[in-house]
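Undergrad: give the three-dimensional model of this entry:
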Amino acid sequence: MQIEEAKEKLIQTFGALGTSWGVTRTMAQVHALLLISSCPQSAEDVMDALQISRGNANMNLRALIDWGLVKREYKAGERREYFVAEKDMWRVAMQIIKERQKRELAPIMQTLKEIKNIEGEGDEVEKQKFIESVEKLNGILCQADNFLDFVVKSEKSILIGNLMRLVTKKG
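TA: So this is what the prediction gives:
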């Protein structure tokens with residue numbers, strides 16, 4: 001396989017997986033393009049490489065900046081902005097975890113907190129079962145949130161070492 005074909009295949013695969021990761025196909029493709037680029041890319045470079053509109057390129061570049069996965073760079077004497085993806089895959093993974101916690105876990109945990117206190121008349125048994133279900137769901141989500149906080153705050157070497165010991169530990 002030639003290098004250009006390999007790059008195209010990676011970009012297309014990232015795009016296909018993007019929806020499973022909670023982002024759009026194009027956002028994942030832009031991220032993949034910037035990850036494999038050896039030099040900063042302009043919005044025009046992204047547009048040309050992915051055959052997308054200026055608005056689509058700008059919207060997805062802004063989203064990647066908001067996620068903390070891409071940053072802007074400027075070249076002396078040029079008005080054009082350039083974009084560079086974080087290349088440290090550990091940092092990329094940790095940033096994605098933080099963003100998904102904020103965008104997915106936090107809202108459901110807030111909703112569970114709000115609906116836990118049921119007022120008014122109604123079937124008391126039904127209310128109690130509902131409250132128990134909400135508390136169980138909240139408990140598992142809190143554990144997941146705490147685990148993700150631990151992962152994000154851990155140093156890579158310590159976390160990987162502990163996980164390897166856990167996986168290889170014989171019962």
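
Undergrad: quick one: list the elements packing against the strand or helix carrying Gln143.
TA: Assigning secondary structure by DSSP states H and E places Gln143 in helix 124-153. Under the contact criterion of 3 or more CB pairs under 8 Å, 6 or more residues apart in numbering; DSSP states H and E, the helices and strands touching helix 124-153 comprise helix 89-100, helix 106-115. Yep, even glycine has a C-beta here, placed from its N, CA and C like the rest.

Undergrad: return the helix or strand in the chain with minimum mean pLDDT.
TA: helix 156-168 (a mean of 73; mean pLDDT, DSSP states H and E).

Undergrad: extract the C-alpha set from that helix and format it as PDB.
TA: Provided in PDB are the C-alpha atoms of helix 156-168 (Å, rounded to 0.1, in the frame of the first residue of the first chain):
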ATOM      1  CA  LYS A 156       0.500   7.200  32.300                       C
ATOM      2  CA  SER A 157       3.300   5.000  33.700                       C
ATOM      3  CA  ILE A 158       1.600   4.600  37.100                       C
ATOM      4  CA  LEU A 159      -1.800   3.800  35.600                       C
ATOM      5  CA  ILE A 160      -0.500   1.400  33.000                       C
ATOM      6  CA  GLY A 161       1.700  -0.400  35.600                       C
ATOM      7  CA  ASN A 162      -1.300  -0.800  38.000                       C
ATOM      8  CA  LEU A 163      -3.500  -2.000  35.200                       C
ATOM      9  CA  MET A 164      -0.900  -4.500  34.000                       C
ATOM     10  CA  ARG A 165      -0.500  -5.900  37.500                       C
ATOM     11  CA  LEU A 166      -4.300  -6.200  37.800                       C
ATOM     12  CA  VAL A 167      -4.600  -8.000  34.500                       C
ATOM     13  CA  THR A 168      -1.700 -10.400  35.100                       C
END
